[in-house]
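**Q** Here is a sequence with its predicted model. Questions after.
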Amino acid sequence: MPARKKTKYALLGILKISPMSGYDLKKFCDEVVSHFWNENYAHIYPVLKEMEIEGLAIKSPMQTEGRPLKNVYTITEEGRNELEKWLLEPVEPHRTRDEFSLKFFFSTDVPVDKLIENIEVRKEEFRKSLIHYSQIEKERDIDNNTKDEKIVIISTILLNAGKHQCKAMIDWCNETLETLEKIK
């Protein structure tokens, strides 16, 4: 499925939570779902226009005090049905494009000290991500004013997935560092 098509479903899911402007949608992506999904403005606005044409969302101008007029998008019943249909479909196989792994694969002529340095940097990235997930979890637990227990459970599951992935990659980095030290 093309990226723009998946953008449509990501936006429908967010609009199901609350009506938002394009700017607010991007902000939501950056602040809430960025650890497993990202979007950019280049996709958001054209997809919103397509969704409006398809009847999946409606656009309403909204004036906020002291700010310029903005367009707020709301999911329609047809949009909810489209989202529900997509949510029930099987997930496409994950196709990884990991630049780090690609470079590492071709690194046979790179000095071992540089490989060790690259793994140390990678390990630090995962350590920072692990800290970030823990902070999100703490802030969410403090600020948790949602009445929907299912949202809390699902967000916890996804945070745990991110934490487990980071821990596994940190373990991999440690094993790799031990191996590289042996051939140094």
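**A** That came through, no problem.

**Q** how near is Ile81 to Thr96?
**A** In this structure residue 81 is Asn, not Ile. Asn81 sits 32 Å away from Thr96, going by CB to CB, to the nearest Å. C-betas here are computed from N, CA, C, even on glycine.

**Q** Settle it for me: which of those two has more neighbours?
**A** The residue with more neighbours, out of Asn81 and Thr96, is Asn81; 12 against 6, by other CB atoms under 10 Å.

**Q** how about the helices of the protein, start to end?
**A** In the chain, the helices defined using DSSP state H lie at 3-17, 22-28, 41-53, 77-88, 99-105, 112-143, 149-183.

**Q** Can you check the pLDDT for the most centrally placed residue in the chain?
**A** Residue closest to the mean C-alpha point of the chain, counted by CA atoms, centre = their mean, is Trp37 at 2.1 Å. On pLDDT, Trp37 comes in at 87.

**Q** Compute the distance between it and Ile153, please.
**A** Distance of Trp37 to Ile153, given as CB to CB: 19 Å.

**Q** Which residue is the nearest non-sequential neighbour of Tyr41?
**A** Lys26 (6.0 Å; CB to CB, 6 or more residues apart in numbering).

**Q** Also Ser134?
**A** Closest residue to Ser134 apart from its sequence neighbours, by CB to CB, 6+ apart: Lys163 at 7.2 Å.

**Q** The one you found contacts Tyr133, correct?
**A** Yes. Using CB atoms under 8 Å, Lys163 is in contact with Tyr133, at 4.8 Å.
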